[in-house]
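Q: Turn this into a structure:
(2 chains)
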Number of protein chains: 2
Amino acid sequence: MSQEVNADDAIPRIEDIRQAAERIRPHVHRTPVFTSNTVNEISGAQVLFKCENLQKAGAFKARGATNAVFSLSNEQARRGVVTHSSGNHAAALALAAGRRGIPATVVMPDNASEIKKQAVAGYGARIVYCEPTFQAREEALAEIAERTQAAIVHAFDDARVIAGQGTAALELFEQVSEIDTVIAPVGGGGLLSGTALAARSLFPATRVFGAEPRNVDDARQSLKSGRIMPVTGKTSIADGLLTALGTITFPIIRDHVTGIITVSEASIVDAMRLIWERLKLIIEPSAAVAVAALLTQPDEFEGRRVGIILSGGNVDLDKLPWVAGPTP
Amino acid sequence: MSQEVNADDAIPRIEDIRQAAERIRPHVHRTPVFTSNTVNEISGAQVLFKCENLQKAGAFKARGATNAVFSLSNEQARRGVVTHSSGNHAAALALAAGRRGIPATVVMPDNASEIKKQAVAGYGARIVYCEPTFQAREEALAEIAERTQAAIVHAFDDARVIAGQGTAALELFEQVSEIDTVIAPVGGGGLLSGTALAARSLFPATRVFGAEPRNVDDARQSLKSGRIMPVTGKTSIADGLLTALGTITFPIIRDHVTGIITVSEASIVDAMRLIWERLKLIIEPSAAVAVAALLTQPDEFEGRRVGIILSGGNVDLDKLPWVAGPTP
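A: Residues are numbered from 1 along each chain as shown, chains lettered A, B, ... in the order given. Next comes the predicted model:
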């Protein structure tokens, strides 16, 4: 976001997450929880998969975007919403705006994939292309917000979005009992911070782990150094997680998350394939990162009852990692 | 089956299907029903997907095999079960026998895929390899049954198996209301005949369609000629459907099925990909055949409330049809 944020004021409370759940209920799916004997045997844990890959628009992002859009006053809403995103948030915001019947503009880098452009356009949003740099995206966003007075809905550093993402964990705790550990992937931290707030408000003893690619371990580095660290030049197959933490998500994660587990690229591919083969569910690499954390750190999870947020299922079926050749 | 069968005596009644449902309940999944706005928009129908790809061992076959295994007397069961199959029935029978704690032997062609061999062995069955001809399979099966007195559980031409497969449709009609049309893929006809018996016993006006690859349209030819036609030399990506109808399944299908819809190889691949992309569910090509029937015959289904049995989800992820190149 371009304006300054007082993080303390912006941190959602459990009541905000509960209100978000009420607000978004008519517009998003209450996603099912899947289990797998095979995964339980391999991990030695009882694993409960919250299937946000089956969420509208294929990812948990529908929750936060919908909460933000339906939190707007009629006056605000009339002017529309705007964001920049090359991924699931773009489609989610377009979908949410369409449901409220208000205009949405999405700033996308001109090198975004055809599939993602089509998804966003298919939900009825206007796309504004810019150069594929963070600065160009921010500038285009600010210009549009200034000119149209549309409300900016940031992909993660927004209390309404974080509260919305927290509703996935809230539901999970309603659907199954006695979860003692939760794992969510972490990129910008919207899902992880919402998950941590929900889980630890409901059951303070819950352990909440973030999972991120070892190649892009800025969240771990941020917790270690005590300040938001930028992403490195490295990349990862988990293309939803190539983002630094935000000014709101960082303190929540610092204060409420038990630890960050980093995983190799090969373990992400293995985990993705295991879920495809055994649960017959399509999950995207970013979702597989949380599964890889479970499988590569068995000591942390053995004997536990572990909730895993399968964050999304938007995959380019023409570019599957096990088909493309060996992973980095 | 090697012995003669009096088909009339062997045709299950709705009570047999209901008893099968009770019998198998502790051992198989009550699979969920999925919907998709996208599929509804494309087809103009309201489509209800019965997700047997999420069934134990990844296919509806667990239902029939489990019903057969748990229908045996203790005396019979002690001597074990035997079948020949290179596909989902083999794994399903192995699984069911394991649950009852009795030995299972599966005759498989020695060219069966490694994945399928591993699945069968993983469920604890003994595998006997034979040459990849129907005659070699039948002979090996008869020899083992003779020697061990194990009960033969045929993949589809067995009333207990057909009754078990019919429980998928029975459940579907319990889970959702007002279905007027059902589509199931047809190979040997176990699923289609069980589905037709269940659907039309419950609601006689229900239209029940079989779907098969145009390349292997022996079911359509059989209905046309009034006798069981062999499979042709052609093959199909839908490798679960390369089987002629049986002496029990044929008359059921002849008497209770509204029609057989045949589909092209390309339409099977398109349908499979659509389900993967939009429902985030892994289905195998044989399951996609029923979806292809919906999508290629819109006049037949528009405005209808259509149940589709997604029969299985066992796919070799290293051999995806859209990766291998253009389809035949």
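
Q: Give the buried residues for the longest helix along chain A.
A: As assigned by DSSP state H, the longest helix anywhere in chain A is helix A:159-175. Buried positions in helix A:159-175, judged by neighbour count with 16 or more other CB atoms under 10 Å in any protein chain shown: A:159-173. Just so you know, the C-beta spots here come from the backbone N, C-alpha and C atoms, and that holds for glycine as well.

Q: And stretch A:24-32, by the same measure?
A: A:24, A:27-28, A:31.

Q: Ok, stretch A:106-126 next?
A: A:106-109, A:112, A:116-117, A:119-120, A:123, A:125.

Q: Sort out which one of the residues you listed lies nearest residue B:101 for me.
A: residue A:119 (49.7 Å; CB to CB).

Q: Report whether the expected contact of that closest one with residue A:91 is present.
A: Yes - proximity of residue A:119 to residue A:91 meets the contact threshold set by CB atoms under 8 Å, at 4.5 Å.

Q: Report the two of the buried residues of stretch A:106-126 separated the most.
A: So, those by CB to CB: farthest apart are A:109 and A:123, at 18.4 Å.

Q: Now find how far off-centre stretch A:141-154 is within its chain.
A: 22 Å (CA atoms, centre = their mean, to the nearest Å).

Q: Straight-line length of it, end to end?
A: 10 Å (CA to CA, to the nearest Å).

Q: Report the mean confidence score over that stretch.
A: Mean pLDDT, computed over stretch A:141-154, is 96.

Q: For that stretch, which outside residues touch it?
A: A:1-2, A:65, A:68-69, A:72, A:76-77, A:79-84, A:93, A:103, A:105, A:107, A:128, A:160-161, A:246 (CB atoms under 8 Å, 6 or more residues apart in numbering or on different chains).

Q: Restricted to strands, list those.
A: A:81-84, A:105, A:107, A:128 (DSSP state E).

Q: Most neighbours among those, which one is it?
A: When the ones in strands among the contacts of stretch A:141-154 are compared by neighbour count (other CB atoms under 10 Å in any protein chain shown), residue A:83 ends up highest, at 30 neighbours.

Q: Quick check: beta-bridge partners of it?
A: residue A:106 (DSSP bridges).

Q: Near chain B, which residues of the stretch 51-200 of chain A are found?
A: A:53-54, A:58 (CB under 8 Å from any CB of the partner chain).

Q: Can you tell me which of those lies closest to residue B:257?
A: residue A:54 (32.0 Å).

Q: OK, contacts around that closest one?
A: A:29, A:31-32, A:281, A:313, B:279-280.

Q: Just the pLDDT for it.
A: The predicted local confidence for residue A:54 is 98.

Q: just to revisit the earlier point, now, which of the buried residues of stretch A:24-32 lie within strands?
A: Short answer: the buried residues of stretch A:24-32 have none in strands (DSSP E).

Q: and of these, the nearest to chain B?
A: When the buried residues of stretch A:24-32 are compared for distance to chain B (CB to the nearest CB), residue A:31 wins out at 10.5 Å.

Q: where does the stretch 101-250 of chain A dip in pLDDT?
A: Nowhere does the stretch 101-250 of chain A drop to pLDDT under 70.

Q: Okay, helices next: where are they in it?
A: With helices called from DSSP state H, counting those that start in this stretch, the stretch 101-250 of chain A shows them at A:114-122, A:134-148, A:159-175, A:190-202, A:218-225, A:249-256.

Q: Export these to CSV and append columns for distance to residue A:267.
A: Compiled in CSV, those are given as follows (distance: least, CB to CB, whole Å):
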stretch, distance to residue A:267
helix A:114-122, 25
helix A:134-148, 28
helix A:159-175, 23
helix A:190-202, 19
helix A:218-225, 15
helix A:249-256, 22
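
Q: Residue A:317 is nearest to which of those?
A: helix A:114-122 (9.3 Å).

Q: what's the closest one packed up against?
A: Identification of packing neighbours for helix A:114-122 by 3 or more CB pairs under 8 Å, 6 or more residues apart in numbering or on different chains; DSSP states H and E yields helix A:88-100, strand A:104-109, strand A:126-130.

Q: tilt between the longest one and helix A:114-122?
A: Angular relation of helix A:88-100 and helix A:114-122 on a 0 to 180 degree scale: 20 degrees, by axes from the mean of the first three to the mean of the last three CA atoms, to 10 degrees.

Q: which residues sit against helix A:88-100?
A: Residues outside helix A:88-100 that contact it (CB under 8 Å, 6+ apart): A:27, A:56-59, A:61-62, A:64-66, A:68-70, A:72, A:77, A:80-81, A:83, A:85, A:103-104, A:106, A:108, A:116, A:119-120, A:123-125, A:153, A:155-156, A:240, A:312, A:314.

Q: before we move on, what about stretch A:111-131?
A: Under CB under 8 Å, 6+ apart, the answer for stretch A:111-131 is A:57, A:84, A:86-87, A:90-91, A:93-95, A:97-98, A:103-110, A:132, A:136-137, A:139-140, A:144, A:314, A:316.

Q: Selecting buried members of those residues in PyMOL, what would you type?
A: Per 16+ other CB under 10 Å, the buried members of the contacts of stretch A:111-131 correspond to this PyMOL selection:
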select buried, chain A and resi 57+84+86+87+90+91+93+94+95+97+98+103+104+105+106+107+108+109+136+137+139+140+144+314
